[in-house]
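Q: predicted structure and sequence below. I'll ask about it afterward.
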Amino acid sequence: MVSEDLVVSVCLVLVAASATVAVAVREPVRQALVLAVLGLALAALFTVLQAPDVALSQLAVGSVLTPLLILLSVRKVRRRGHPTGDEAQR
Amino acid sequence: MNAWLWCGTTFLGLGLPPVIWGVASGPLSRRVLAQNTGSTVVALAFLLLAQGYARPSYTDLSLVLSLLGPVGTLVCVRLLADDLSAGASRWSTAVTALCVAASLAVTAAVCAAAAPGRPMVKLLLIGALVALGNVIAARALSVGVLEEADGTR
Amino acid sequence: MTHLFPYLIAGWIFLVGCYGLATSRHLVHAVGCLAVCQSATYVLLLAVGYREGGTAPVHSDLAPHSRPLVDPVVQALTLTDVVVGATVTALLLALVIQVAKRHGTVDPDELSELRG
């Protein structure tokens, strides 16, 4: 059906855009936020591909767990006294 | 394709590109605000899609996202308290008001099409949680950060 | 063409993730790019299992045999993939913290142990 293909195509384009932005944003803290949005876009895509259980797992993993892990790691890495934030912005 | 699927598609197609743009550029407070808005937009889109595909079980996705989305935003606010001390984004009140209005509109539309009784109560609950979660997280982002920065540091 | 589009998007996402992984200057950013690569596999798997006009193989609100379904086996594989992806991300971030502790840097170009 043409109409349901349209929903799938819109979600696919949104996922591709979020993924491209996630790679383009170089600083890890900001990338964590973009990965959260990528998780949301993926959950929407999984729903329109008729996989709601996969979407539930993706919501739990992608919107809370991955940003939390990345932010905690950046914090730990920064505490070593190494100016990682400045280096990544050069 | 019925009207609900068209509504869901336009909701996603018009709501998520500004979210992606907002999370990719600008100061950190605007990025966190964009992530918060994104979770609200997707939660409301799930309600519309559940109606469009005639599968009431898809509203559970909306319920879970209405709880996990604000948790993600609060996690970011807590861990980025130092970086966010520059102040709230000027978009904050406008975007939050828009999200609350959108959730009220979508909840009313979906409840009008639902069977009265348990399904309608569930949809009302989900709509209320989505709106409330968005407001709480946005408030924590703009106000609570400054209090924490002045507090026990 | 619409039947090809999901696979093209999956390929694009994978290539973009590989590009980010190769050009990264911060190991935590590299782990994020690996997460992007893994999401390409989720898209690929679910595109393989999708059937036109099908609906989710969940019977809590659907009478069995009333509507055509999409392939459920592929969804189980994707579910496993999502959880494995989260575990791999956590493990790699732990390794990055150890690298920072031992070498004082998280820039891949400065980690010169393997150089001859």
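A: Done, it's in.
Q: C-alpha from now on. contacts and neighbour counts both.
A: Will do.
Q: quickly check: stretch C:81-100 near chain B or not.
A: No: if you take Cα under 8 Å from any Cα of the partner chain as the test, stretch C:81-100 misses chain B, and the best it gets is 15.6 Å.
Q: center of chain A - which residue?
A: Chain A has A:Leu35 as the residue nearest its centroid, 1.9 Å off, counting by Cα atoms, centre = their mean.
Q: okay but that residue is in contact with A:Ala22, surely?
A: Yes: counting by Cα atoms under 8 Å, A:Leu35 touches A:Ala22, with 6.1 Å between them.
Q: between the two, which contacts overlap?
A: C:Gly32 (Cα atoms under 8 Å, 6 or more residues apart in numbering or on different chains).
Q: what's the pLDDT at the residue nearest the centre of chain B?
A: Per Cα atoms, centre = their mean, the C-alpha nearest to the average position across chain B is that of B:Thr40, at 1.7 Å. Here the pLDDT value assigned to B:Thr40 is 96.
Q: confirm it sits in a helix?
A: Yes: according to DSSP: H, G, I helix; E, B strand; the rest coil, B:Thr40 belongs to a helix.
Q: who's in contact with it?
A: For B:Thr40, counting by Cα under 8 Å, 6+ apart, the contacting residues are B:Ser66, B:Gly69, B:Cys99, B:Ser103, B:Val130, B:Ala131, B:Asn134.
Q: that one and B:Arg90: what is the separation?
A: 19 Å (Cα to Cα, to the nearest Å).
Q: repeat that for C:Ser66.
A: C:Ser66 is 51 Å from B:Arg90, by Cα to Cα.
Q: can you tell me the helix or strand for the residue nearest to the centre of chain A?
A: helix A:28-48 (DSSP states H and E).
Q: returning to that earlier point: C:Ser66 and B:Arg90: which is more packed in?
A: Under the neighbour definition other Cα atoms under 10 Å in any protein chain shown, C:Ser66 and B:Arg90 were set side by side, and B:Arg90 has more, 11 against 7.
Q: helix, strand or coil for the more buried one?
A: Going by three-state DSSP: B:Arg90 is coil.
Q: do the same with the one 10 residues further on
A: Local secondary structure at B:Val100 is given as helix here, using three-state DSSP.
Q: now do the contacts for the closest residue to it other than its chain neighbours.
A: Leaving out its chain neighbours, the residue that sits closest to B:Val100 by Cα to Cα, 6 or more residues apart in numbering or on different chains is B:Ala131, at 5.2 Å. Taking Cα under 8 Å, 6+ apart, we find B:Ala131 in contact with B:Thr40, B:Cys99, B:Val100, B:Ser103, B:Leu104.
Q: where are the low-confidence patches of chain C?
A: C:1-2, C:114-116 (pLDDT under 70).
Q: confidence score at B:Thr152?
A: 46.
Q: residue numbers of chain B in contact with chain A?
A: Counting by Cα under 8 Å from any Cα, chain B sits next to chain A at B:1, B:5, B:9, B:12-13, B:16-17, B:19-20, B:23-24, B:28, B:31-32, B:35, B:38-39, B:42, B:46, B:49, B:58, B:61, B:64-65, B:68-69, B:71-72, B:75-76, B:79.
Q: what angle separates the lengthiest helix in chain C from helix A:28-48?
A: The longest helix of chain C (DSSP state H) is helix C:72-103. Between helix C:72-103 and helix A:28-48, the angle comes out at 170 degrees (axes from the mean of the first three to the mean of the last three Cα atoms, to 10 degrees).
Q: the residue of chain A found nearest chain B: what secondary structure?
A: At 4.7 Å from chain B, A:Val64 is the closest residue in chain A, using Cα to the nearest Cα. Three-state assignment for A:Val64 (three-state DSSP): helix.
Q: quick check: the residue nearest to A:Val21 when sequence neighbours are not counted vs B:Arg118, distance?
A: Nearest residue to A:Val21 in three dimensions, chain neighbours excluded: B:Ala24, at 6.6 Å (Cα to Cα, 6+ apart). Applying Cα to Cα, the value for B:Ala24 to B:Arg118 is 41 Å.
Q: the helices in chain B, which residues?
A: Going by DSSP H, chain B shows helices at B:3-24, B:28-52, B:59-79, B:92-113, B:118-139, B:145-150.
Q: who's in contact with the residue at minimal distance from the centre of chain C?
A: By Cα atoms, centre = their mean, the mean C-alpha position of chain C lies nearest to C:Gln38, the distance being 1.5 Å. C:Gln38 makes contacts with C:Phe14, C:Gly85, as judged by Cα under 8 Å, 6+ apart.
Q: quick one: it is in a helix?
A: Yes: per three-state DSSP, C:Gln38 lies within a helix segment.
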